[in-house]
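**Student:** need a structure here:
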Amino acid sequence: MPETVLQVTDEAGTLLTPLQATFEVDYQFVGDAEPTMVLEGDVQRGLIQADFPEPVRELQFSEVKVRTDSIPGGWDAYAGKTMVFEGRLPSASKGDSIKLPFKGVIPTTTEEKRVAVQSRRVEILNSLLQRYPNNAQQTVPNLPGDIDQALPGNLGEDVPLP
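**Tutor:** Predicted structure coming up:
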């Protein structure tokens with residue numbers, strides 16, 4: 001079984017297990033003009049597990065490129081990144097990690113946060129109503145719309161079933 005060579009994390013150091021990405025390993029040998037790709041594969045549960053081939057000549061540097069998959073409707077909040085190892089190969093003993101930068105938008109004001117949470121609530125409600133259609137769409141005619149009108153007044157209260 002290949003050893004875990006690198007971890008793919010966010011900038012805070014959290015392992016990105018649901019990330020769908022691929023990696024590529026390039027070697028730049030002394031005297032060559034272009035790096036040579038020697039290995040590629042998938043990032044599995046935030047880990048790059050591979051047996052890196054031994055260089056056949058003197059190594060100027062090695063680089064590992066992580067490319068995130070942009071799947072429509074998927075989880076693509078992070079940008080890809082290249083990590084360069086000057087004159088050496090990455091090793092599991094050093095515990096190196098590739099820190100991917102976050103490319104999403106972080107709301108800063110209270111109003112932006114409220115709007116973001118409200119829009120996420122509406123998305124969840126719409127997806128649930130599409131997945132589990134019921135008579136709630138007939139009793140609340142303005143769906144999709146304001147989620148406060150679609151739900152009972154106090155969610156902590158027991159709501160009688162029809």
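**Student:** dump the C-alpha coordinates for whichever strand or helix holds Ser127 into CSV.
**Tutor:** Applying DSSP states H and E as the criterion places Ser127 in helix 110-131. Taking Å, rounded to 0.1, in the frame of the first residue of the first chain, the C-alpha atoms of helix 110-131 are listed here in CSV:
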residue,chain,number,x,y,z
THR,A,110,-24.4,41.3,9.6
GLU,A,111,-26.8,42.0,6.8
GLU,A,112,-24.7,40.0,4.3
LYS,A,113,-24.6,37.1,6.8
ARG,A,114,-28.4,37.3,7.3
VAL,A,115,-29.0,37.3,3.6
ALA,A,116,-26.7,34.3,3.1
VAL,A,117,-28.3,32.3,5.8
GLN,A,118,-31.8,33.1,4.5
SER,A,119,-30.9,32.2,0.9
ARG,A,120,-29.4,28.9,2.1
ARG,A,121,-32.6,28.1,4.0
VAL,A,122,-34.7,28.7,0.9
GLU,A,123,-32.4,26.5,-1.1
ILE,A,124,-32.7,23.7,1.4
LEU,A,125,-36.5,24.1,1.7
ASN,A,126,-36.9,24.0,-2.1
SER,A,127,-34.7,20.9,-2.5
LEU,A,128,-36.6,19.1,0.3
LEU,A,129,-39.9,20.0,-1.3
GLN,A,130,-38.7,18.7,-4.6
ARG,A,131,-37.5,15.5,-3.1
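**Student:** buried set for that helix?
**Tutor:** Using 16 or more other Cβ atoms under 10 Å as the test for burial, helix 110-131 gives 122, 125, 129. From N, CA and C alone the C-beta is placed, and that goes for glycine too.
**Student:** give me the residue at the spatial middle of this structure.
**Tutor:** For the chain, Leu19 is the residue whose C-alpha lies nearest the centre (Cα atoms, centre = their mean; 3.8 Å).
**Student:** and that one, its phi and psi?
**Tutor:** phi -70, psi 130 (degrees, to the nearest 10).
**Student:** okay but it is in contact with Val43, surely?
**Tutor:** Yes - in terms of Cβ atoms under 8 Å, Leu19 counts as a neighbour of Val43; the distance is 6.2 Å.
**Student:** where do the contact lists of these two overlap?
**Tutor:** Val8 (Cβ atoms under 8 Å, 6 or more residues apart in numbering).
**Student:** any weak-confidence spans in this protein?
**Tutor:** 1-2, 4, 71-76, 92-94, 135-162 (pLDDT under 70).
**Student:** many thanks, have a good one.
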